[in-house]
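Got a predicted model here, sequence first, then my questions.
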Amino acid sequence: MGKGTYSSILSKELRIPHLSTGELLRREISMKTELGREVESYVSRGLLVPDKIVNDIVAKRLCASDCANGFILDGYPRTLPQAVFLEEHFPLDKVVLLQASLETIIERICGRLYCPNCGETYHVSWKPPKRDNICDKCGAKLTRRTDDSPEVIKRRYEEYLATVSPVVDFYKKLGKLVPFRAEGDSQILAYSLLRELSSSRTEILVEK
Ligand SMILES: [Zn+2]
């Protein structure tokens, strides 16, 4: 189970908004704001959006009134400059590091199934459809969500770890890091994570 699911359970239970950076960026693009046009100019060229722009978009969202009592960030900060910016302007209470073995990560990603007709998602191990490769909801044929081989996933995971490890060290030094083993029953795990987090400002950071 990925960070999005943890984030939405925590968001519901703590009654604070779940902010996914990916969604924030897509929303700016679709609203054709000045920032959105800048984001699009990078995304359309297949480039990473610079820290400065991502920071501005996140900061704008965190100033909204529904964030006054706390928020859950999902997918941010991903780089050290982003973390430094966030700590300066919106210091976090806790940073959750979801951890899983590479085997679990590969099984999780490779087992994802998707209904191209209605969008329902399944997993061969954890949420199998009632009939093999057939959508429970609409009866359409399911497809794999990724064609990536375990080798590709492993390489991408190692790249991700290299990018994110300065961020992890940064929060570890501040005493804010909460490492959490994310292997097992997702519902039970999300609630035990909730018990570990006593305060409201939480960032979800994941080794996916
Ligand atoms: Zn379907």
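In hand now; what should we look at? Numbering: from 1, shown residues only.

Flag every residue of this structure that's near the ion.
115, 117-118, 120, 135, 137-138, 140 (CB under 5 Å from the ion). All C-beta atoms are positioned from the backbone trio N, CA, C, and that covers glycine.

All the strands of the chain, in order from the start?
Assigned by DSSP state E, the chain shows strands spanning 18-20, 72-74, 94-99, 112-114, 121-123, 143-144, 177-181, 202-206.

Quick one: these as JSON lines, columns for mean pLDDT, mean neighbour count and distance to residue 82 too.
Conversion of these to JSON lines gives the following (pLDDT from 0 to 100; neighbours: other CB atoms under 10 Å; distance: least, CB to CB, whole Å):
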{"stretch": "strand 18-20", "mean pLDDT": "92", "mean neighbour count": "21", "distance to residue 82": "14"}
{"stretch": "strand 72-74", "mean pLDDT": "92", "mean neighbour count": "25", "distance to residue 82": "10"}
{"stretch": "strand 94-99", "mean pLDDT": "90", "mean neighbour count": "20", "distance to residue 82": "12"}
{"stretch": "strand 112-114", "mean pLDDT": "88", "mean neighbour count": "18", "distance to residue 82": "28"}
{"stretch": "strand 121-123", "mean pLDDT": "88", "mean neighbour count": "16", "distance to residue 82": "29"}
{"stretch": "strand 143-144", "mean pLDDT": "88", "mean neighbour count": "13", "distance to residue 82": "32"}
{"stretch": "strand 177-181", "mean pLDDT": "91", "mean neighbour count": "16", "distance to residue 82": "16"}
{"stretch": "strand 202-206", "mean pLDDT": "55", "mean neighbour count": "25", "distance to residue 82": "11"}
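
so where's the longest helix in this structure?
As assigned by DSSP state H, the longest helix anywhere in the chain is helix 150-173.

Among the residues of the chain next to the ion, the buried ones, what's the ChimeraX command?
This is the ChimeraX syntax for the buried subset of the residues of the chain next to the ion, where burial follows 16 or more other CB atoms under 10 Å:
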select :115,120,135
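
Can I get the residues of the chain next to the ion in JSON lines including pLDDT?
Below are the residues of the chain next to the ion laid out as JSON lines (pLDDT from 0 to 100):
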{"residue": "115", "pLDDT": "92"}
{"residue": "117", "pLDDT": "94"}
{"residue": "118", "pLDDT": "93"}
{"residue": "120", "pLDDT": "90"}
{"residue": "135", "pLDDT": "96"}
{"residue": "137", "pLDDT": "96"}
{"residue": "138", "pLDDT": "96"}
{"residue": "140", "pLDDT": "95"}
